[in-house]
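Participant: I need the structure of the sequence given here:
(one chain, ligands or ions: 2)
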Amino acid sequence: MTKFSRCVKEYEKLCRRNDVPEETVMAFLVELSQKERYNLYANFNEEMPAQLEAEFRAGMERILKQEPMAHVLGYSWFYGYKMIVNGNVLIPRYETEELCAQILARTDEYFADLETIECVDIGTGSGAIAIVLAKEEPRIHMRATDISEEALATAMENAKLNEAEIEFTAGDMVKPLIAQNVKLDVLVCNPPYIPAHEEMEKAVVDFEPHVALFGGDDGLFFYREIFRDCRSVMKKKSFMAFEMGWNQREHISALIEETLPECRYEILKDMNGKDRMLFVYFGL
Ligand code: SAM
Ligand code: GLN
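Facilitator: Ligands and ions are numbered 1, 2, ... in the order given. Predicted coordinates:
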C-alpha cells in the first residue's frame, strides 16, 4: 500500500522522463477515483485503497507508453457530456467545443424565428458535435453521418448514453444527404484536415484512426468536396460551420472565393489564438 501523495509523485516523475504531461497523473486519478481534486488533496497522506492503486498503476503504465488517457478510461468529456471513445473514433478536442459554442450562438442569431432547425454533422466520429447540438438546442433536428461504420456504432452508443435524438446514416461526405434530398439550415463538419505527410505526436498517430485525421496532400481534400456539392443541400438562408487547421487560412479563403463566390465567410480563432473555425453563409 502506498500513500496517495507518494504514488502521484512517483508517476509525475516518470511522466517527466517519458515526455508525458505530468498533469495527466492527477487528471487520471480524478477520473478513476471519481472524487473531486480537492477531496483527493485533502486525503493526500492516506493510503490508497488497494484496488484503486492497482488500477491506477496499470493505467499509468499504458499512459507512459503514450496511449491517450481517454483510451485507458474508455471515455472522455466533451462540453460536459460523457463520450465513449475507442480506436475507431477521434477523441473529441477542446477546439471542437468552441466550434459547438459558436454554432449555437449563430443558430440563436439567425434562426430565432424557426421552429425546427435542420442540421447535419458530417464525419461525426464519436458523435460529439451532433450530441451537443441536439442537447443544447431543442429546436435542432439532428442528422449525423460517417464513412466509418465502426465510428457510427460508437456515435450511436453515445447518443443513447446522452439521450440525444439523432438520425445516423453511413456514407461519403454530402452524398447521402443529396440521395435523401435533405435541405439544411446548418451543415457542420470537422473533416480530417491534416496534410498526409505531416509529422505528428505519437499519441495521436499511433492510437487514433487515420481516416479521421488525414485530408489528402494539402489537408483540404474534404473542404473541396463539400464546397463543390453543398449547394444542392443548403437552404437559401443557411450556414456551414467547419473546423480547420491553424495554418490553412490562405488556402481555404482562396478555395471559397473560387468555388463559392456568392457566399460571405469568416474565420475565427480558437482560445489559443489560432485560426480554427470557418463559417460560410448562404443568404445571411
Ligand atoms: N466529428 C468528430 C469530432 O469533431 O470529434 C470527428 C471528426 S474526425 C476529424 C473526422 C471524421 O470524418 C472521422 O470520424 C472519419 O471517420 C470521418 N470521415 C472520413 N472520411 C469521410 C468521408 N469521406 N465521408 C464521411 N465521413 C468521413
Ligand atoms: N485537431 C486534430 C489533431 O490535431 C485533427 C482533427 C482533424 O483533422 N479534424 O490531431
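
Participant: So which residues make contact with stretch 109-123?
Facilitator: 107, 127, 129-130, 133, 137, 139-147, 173-174, 177, 182-192, 212, 222, 226, 235, 237, 239, 284 (Cβ atoms under 8 Å, 6 or more residues apart in numbering). Every C-beta, even on glycine, is put in place using the N, C-alpha and C of the backbone.

Participant: and if you look at stretch 15-30?
Facilitator: Contacts with stretch 15-30, where a contact means Cβ under 8 Å, 6+ apart, come from 4, 8, 11-12, 14, 36-37, 40, 56, 59-60, 63-66, 69, 72-73.

Participant: how about 7 Å then?
Facilitator: Contacts to stretch 15-30, defined as Cβ atoms under 7 Å, 6 or more residues apart in numbering, come from residues 8, 11-12, 37, 40, 56, 59-60, 63-64, 69.

Participant: Quickly check those residues for the two that are furthest apart.
Facilitator: Arg37 and Leu64 (21.3 Å; Cβ to Cβ).

Participant: How far away from the center of its chain is whichever strand or helix holds Phe168?
Facilitator: Here Phe168, judged by DSSP states H and E, is contained in strand 166-170. The chain centroid and the centroid of strand 166-170 are separated by 17 Å, computed with Cα atoms, centre = their mean, to the nearest Å.

Participant: Show me which of Arg37 and Leu64 is the more surrounded one.
Facilitator: Ranked by neighbour count (other Cβ atoms under 10 Å), Arg37 and Leu64 place Leu64 first, with 16 against 12.

Participant: For the more buried one, report the pLDDT, please.
Facilitator: We note a pLDDT of 97 for Leu64 in this prediction.

Participant: Now intersect the contacts of stretch 109-123 with the strands, please.
Facilitator: Using DSSP state E, 140-146, 184-189, 235, 237, 239 are the members of the contacts of stretch 109-123 that sit in strands.

Participant: Among these, name the ones that also lie close to ligand 1.
Facilitator: Under the cut-off given by Cβ under 6 Å from any ligand atom, ligand 1 has 145-146 from the ones in strands among the contacts of stretch 109-123 close to it.

Participant: Out of the ones in strands among the contacts of stretch 109-123, the closest to Phe279 would be?
Facilitator: Closest approach to Phe279 among these (Cβ to Cβ): Phe239, at 5.9 Å.

Participant: near ligand 2, which residues of the stretch 1-150 of the chain?
Facilitator: Within the stretch 1-150 of the chain, the positions near ligand 2 by Cβ under 6 Å from any ligand atom are Arg93.

Participant: any chance you could map the strands in the stretch 1-150 of the chain?
Facilitator: 75-78, 81-84, 117-122, 140-146 (DSSP state E, counting those that start in this stretch).

Participant: Dump the second one to PDB, restricted to CA.
Facilitator: The C-alpha trace of strand 81-84 is given here as PDB (Å, rounded to 0.1, in the frame of the first residue of the first chain):
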ATOM      1  CA  TYR A  81     -21.100  15.300 -21.800                       C
ATOM      2  CA  LYS A  82     -19.500  11.900 -21.400                       C
ATOM      3  CA  MET A  83     -18.400  10.300 -24.700                       C
ATOM      4  CA  ILE A  84     -17.300   6.700 -25.100                       C
END
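
Participant: Name the nearest residue to Cys247, ignoring sequence neighbours.
Facilitator: For the record, residue 247 is Asn, not Cys. Leaving aside its sequence neighbours, Asn247 sits nearest to Asp275 (Cβ to Cβ, 6 or more residues apart in numbering; 7.6 Å).

Participant: what's the farthest-apart pair in the ones in strands among the contacts of stretch 109-123?
Facilitator: The distance between the two most remote of the ones in strands among the contacts of stretch 109-123 (Cβ to Cβ) is 27.2 Å, for Asp146 and Lys237.

Participant: before we move on, the earlier item: what would the contacts of stretch 15-30 look like in a markdown table with distance to Asp206?
Facilitator: Shown next, in a markdown table, are the contacts of stretch 15-30 (distance: Cβ to Cβ, whole Å):
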| residue | distance to Asp206 |
| --- | --- |
| Val8 | 26 |
| Tyr11 | 21 |
| Glu12 | 23 |
| Arg37 | 29 |
| Leu40 | 30 |
| Phe56 | 23 |
| Gly59 | 17 |
| Met60 | 18 |
| Ile63 | 13 |
| Leu64 | 14 |
| Met69 | 14 |
